[in-house]
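A.B. asks: 3D, please:
(chains A, B and C, ligands or ions: 2)
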Amino acid sequence: MEEDNLNEMKEMILKYVIKEYIDDDDTTITYETPLISSGYVDSFSMVSLLVFLENKFKIKIPPSKATPEAFDSVNNIVALVNQYLNK
Amino acid sequence: MYNQYQDYLRSQIHEIKEAGLYKNERVIVSPQGAEITLNTGQTVLNFCANNYLGLSSNARLVQAAKNALETHGYGMSSVRFICGTGDLHKELEQKLADFFGTEDTILYAACFDANGGVFEPLLTSEDAIISDSLNHASIIDGVRLCKAQRYRYENADMEDLETQLQLSQEQRFRLIVTDGVFSMDGNVAPLDRIYELANKYNAMVMVDESHSAGVVGETGRGVTELHNLRGKIEIITGTLGKAFGGAIGGFTTGKKEIIEMLRQRSRPYLFSNSIPPLVAAAGIKMVEMMTETNELQDKLHHNTRYFMDKMLKAGFDIKPTQSAICAVMLYDAKLSQEMAAKLLNEGIYVTGFYFPVVPKDKARIRVQLSAAHETEHLDKAIAAFIKVGKDLGVLNIIK
Amino acid sequence: MSYSEKTKNLYLSQLTDIRNAGIFKEERFIHSSQAADIEVEFPSGSDLKRVINMCSNNYLGLSSHPEVIRAAHDGLESRGYGMSSVRFICGTQDLHRELENKVTEFLGTEDTILFPSCMDANAGVFEAILTSEDIMISDRLVHASIIDGMRLCSAQHDTFKHSSMEHLEEKLLLHSDKRLKLVITDGVFSMDGDTARLDEMVKLCEKYDALLLVDDSHASGFIGKTGRGTHELCNVMGKIDIITTTFGKALGGASGGCVSGRKEIVEMCRQKARPYLFSNTIAPVIVSGVLKVFDILSASTERRDKLERNAAFWRKGLTDAGFILKEGNTPIVPVMLFNAKLSQDFSKDLYNEGIYAIGFFFPVVPNGQARIRTQISAGHEMHHLETALEKFIKVGKKQGILGLTKEQIIEKFGL
Ligand SMILES: Cc1ncc(COP(=O)(O)O)c(C=O)c1O
Ligand SMILES: Cc1ncc(COP(=O)(O)O)c(C=O)c1O
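C.D. replies: Ligands and ions are numbered 1, 2, ... in the order given. From the prediction side, this is the model:
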């Protein structure tokens, strides 16, 4: 995928994560911030993220791949999405 | 919204009734004991309580509870680690560890919670839980809340257990989990052989002594006593809600580090009240009583043998048992209900169990003996069983 | 033998990690009844110390009320100690039915089913009434026991931002295709002391055809004009489909919980909820105590009124002294310290001054939001509150945080 597209995608996912999960202005989230292991996103709330990714990128992520590890940072999520985009 | 859901629920409830599985409760207006009074006014002999040692309304336990009400009040209004730990909790934990010959104990609001909260803090997805197929619902729920890989073996089937142990060798840790006594058949888990296999295949063992503590073994220390494994089993869970007084409460007792880990991480312990002080006080008294003399244990064992002998002689088909549970096999579901109803008319309160609680065509009446039963109670029950058994033609017939 | 050194060491090293992270939980042993003044052994083995308790859920001061204790005595006399059975075999006494009816009447619902604890009520209710075709939509700050209940249920789940009605509405829309939608919230949130916006939630549930479950463990008995709970406060009595609550806090504090609500839902729980079917229910002695609690509460609102006055006094005192509090109008008053270590030091200093209050930090509360959670009781007399306030101010001065803003505290102590 082209560099620009990749960055755009990263940005889009980061925006969504901040809008959906972060209430507090003090918190800064980067591409690397651990989301689940540091408690910003709990495993129940991952559902919304999954639905967002599937709708936005027109992909289907099998439940077995939607693990807390795969969702633990924006970078990880981008890697996951790419696996299914390229298929 | 609710209207639509209401219709759905009504149809569900209707289905449960149609299937004959609707549970109705009998209301008791007296204390629990060998003789109880129902709200119909009828007084009956109770043969279906887990009141194995007859402690449910024991005067000394009641007195211990009353004393604690005076010294420690009624409730703690807090979880353990905020301000819900009393000196009595600590004392009972120690007493239970001494009783079972273990290193430390952690109390819970119920054994349901002990089993619900034991697996998740100890095991991860790298580990394996190898569970008997007839284990109690609370163990099943605990396992469901844990990420460990699940293996299941047929009830007390050691060949199958060995196979599952072999299959799970890839995993980091293995934990074999079994009930001490299986509550529907009354059979005792073959813990000696489980222990051998655990050693051979490098696994830990957990046993739920809910129906065996106070009952099995010469002094009622449970299945670990029967099989000479005192102090050798990593994890024991049990309840204060059956032989041990019958009120509420559960515990996990075992290796020190395991118990310490549970205190840090076990969710029902961290997020729910413990037992109230008066229950802890009665628990302490219960352990003292069982240590002072072996009277209650002896009487229960005597009663069980007495009842079994007479029932077998009378021609009933009874599952072999080493516990105080005696399964009178009738095989047919309808027959089990009919027999229980007729026995109630004779003043004997027992419960008939059928599918799905027991396997299809394995319907039965479960009789539970108690140290509270006197010989005349037993004789009366046996006579009633024989009378009703004759009426229904179930004596001396082969399945 | 099979408990190898390897296993043991694994657990030991995890325990060391917990200690090193400063989040090892130490228990304090209480030798007296639960009350405003208690006698505590801490650390284990030390002499007893008399302290003012500012962190129990004994909101109404009924945990060692003489009438409740007397009722428990009477219960022991007339009903014995234990039932040694689950409900549907031979573990139901008329007292259990009586308590179920009392709760129904008190909460203004249709029917009630008792559980050994509210943890078990929450663990059992979802699986009993929902299937994989349904969805549970929960506030992100609901209690751990609700989370475990949802984990045991095959229905799908999603969450909405804490108390955000916009976000809840989005989620209701997003999941409009599901057969049943169940919205789930605590009535009062235990760490922050804020109350759910039940009036708005009821409207949304009506609009989007959803059911509503409220865990009122930190509200039953004292929130609302007559203490019925959050639904009374929000004027939606009779409109909540399911209420779960505990007898282990304000309502005597011993143990026990329940699910109360629509008749058919309760009936379904009786048939299917696993902790109900497979575990003993509340012991008769405890039931006798709770019955008395309801008598006391139905006779007068004196205790909840006093609690309200106490909480207002306490809130104002701390605010005037320059502490930062979480907004709210419940007896849960969190004093914000932000830094985890500061919250631990503060709690220790208070204890040395004879005040018992616990510091909470991540993961119990979000990172950087460490606090001392104080909980006010109708068992507190003015002199308890005055002493506690004085000691809070003393420790606040010692730590140099009075009058500081959040930013200043963070600057001084770090996050
Ligand atoms: C909101 C909430 N629900 C449930 C519970 C558990 O109550 P119980 O002690 O009856 O299990 C608690 C107690 O911590 C709670 O705060
Ligand atoms: C084997 C077993 N474990 C656990 C339990 C639950 O015990 P409690 O009533 O303490 O939750 C039972 C009771 O039915 C049981 O039979």
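A.B. asks: Could you measure from the residue of the stretch 51-200 of chain C at minimum distance from ligand 2 over to B:A327?
C.D. replies: In the stretch 51-200 of chain C, the residue found nearest to ligand 2 is C:V86; the distance is 5.8 Å by C-beta to the nearest ligand atom. Just so you know, the C-beta spots here come from the backbone N, C-alpha and C atoms, and that holds for glycine as well. In this view, C:V86 and B:A327 are 18 Å apart by C-beta to C-beta, to the nearest Å.
A.B. asks: So between the two, which is more surrounded?
C.D. replies: Neighbour count, other C-beta atoms under 10 Å in any protein chain shown: between C:V86 and B:A327, B:A327 has more, with 23 against 20.
A.B. asks: where's that one, which helix or strand?
C.D. replies: strand B:325-331 (DSSP states H and E).
A.B. asks: got the contact list for that strand?
C.D. replies: Here strand B:325-331 makes contact (C-beta atoms under 8 Å, 6 or more residues apart in numbering or on different chains) with B:181, B:183-186, B:211, B:304, B:307-308, B:311, B:316-319, B:321, B:336, B:339, B:352, B:361-369, B:385, B:394, B:399.
A.B. asks: so what secondary structure elements neighbour the top helix by length along chain C?
C.D. replies: Among the elements of type helix in chain C, defined by DSSP state H, the one spanning the most residues is helix C:302-321. Packing partners of helix C:302-321 (3 or more C-beta pairs under 8 Å, 6 or more residues apart in numbering or on different chains; DSSP states H and E): helix C:284-299, strand C:332-338, helix C:382-399.
A.B. asks: so which of the ones you listed comes closest to chain A?
C.D. replies: Across the helices and strands packed on helix C:302-321, chain A has its closest neighbour in strand C:332-338 (9.7 Å, C-beta to the nearest C-beta).
A.B. asks: per-residue confidence at residue 86?
C.D. replies: The chain I'm using is chain A. For A:N86, the model assigns a pLDDT of 69.
A.B. asks: my question was about chain B
C.D. replies: Value for B:G86, per-residue pLDDT: 95.
A.B. asks: Likewise for the one 5 residues further on?
C.D. replies: Reported pLDDT at B:E91 in the predicted model: 97.
A.B. asks: Please verify my assumption that it contacts B:I284.
C.D. replies: Yes - with contact defined as C-beta atoms under 8 Å, B:E91 counts as touching B:I284 (5.7 Å).
A.B. asks: neighbour count winner among the two?
C.D. replies: Remark: of B:E91 and B:I284, B:I284 carries more neighbours, 20 against 16, as counted by other C-beta under 10 Å.
A.B. asks: The more buried one and B:H89: what is the separation?
C.D. replies: 10 Å.
A.B. asks: what about C:L182, neighbour count?
C.D. replies: Around C:L182 there are 27 residues (other C-beta under 10 Å).
A.B. asks: Go ahead and report the secondary structure state at it.
C.D. replies: At C:L182, secondary structure determined by DSSP: H, G, I helix; E, B strand; the rest coil is strand.
A.B. asks: close to ligand 2, is stretch B:104-124?
C.D. replies: Yes - shown here: stretch B:104-124 in contact with ligand 2 (C-beta under 6 Å from any ligand atom) through B:110-112, B:115.
A.B. asks: Quick one: mark the members of the residues you listed that sit in helices.
C.D. replies: Per DSSP H, the subset of those in helices is B:111-112, B:115.
A.B. asks: Now rank the residues you listed by neighbours and give me the top one.
C.D. replies: Result: B:F112 is most packed of those (other C-beta under 10 Å), 36 neighbours.
A.B. asks: And the pLDDT at it?
C.D. replies: 97.
A.B. asks: for it, what are its contacts?
C.D. replies: Each residue near B:F112 by C-beta under 8 Å, 6+ apart is listed here: B:138, B:141, B:250, C:116, C:120, C:275, C:278-279.
A.B. asks: Look up how far B:V357 lies from B:L21.
C.D. replies: Counting by C-beta to C-beta - B:L21 and B:V357 are separated by 9 Å.
A.B. asks: Alongside chain B, which residues does the stretch 301-415 of chain C contribute?
C.D. replies: C:356, C:358 (C-beta under 8 Å from any C-beta of the partner chain).
A.B. asks: So what's the residue count around the closest residue to ligand 2 within the stretch 301-415 of chain C?
C.D. replies: In the stretch 301-415 of chain C, the residue that lies nearest ligand 2 is C:V364 (26.3 Å; C-beta to the nearest ligand atom). Applying other C-beta under 10 Å, we find 17 residues neighbouring C:V364.
A.B. asks: Can you name the residues that contact it?
C.D. replies: Applying C-beta under 8 Å, 6+ apart, we find C:V364 in contact with C:M191.
A.B. asks: Where does it sit: helix, strand or coil?
C.D. replies: coil.
A.B. asks: Now C:R50: which helix or strand?
C.D. replies: strand C:48-53.
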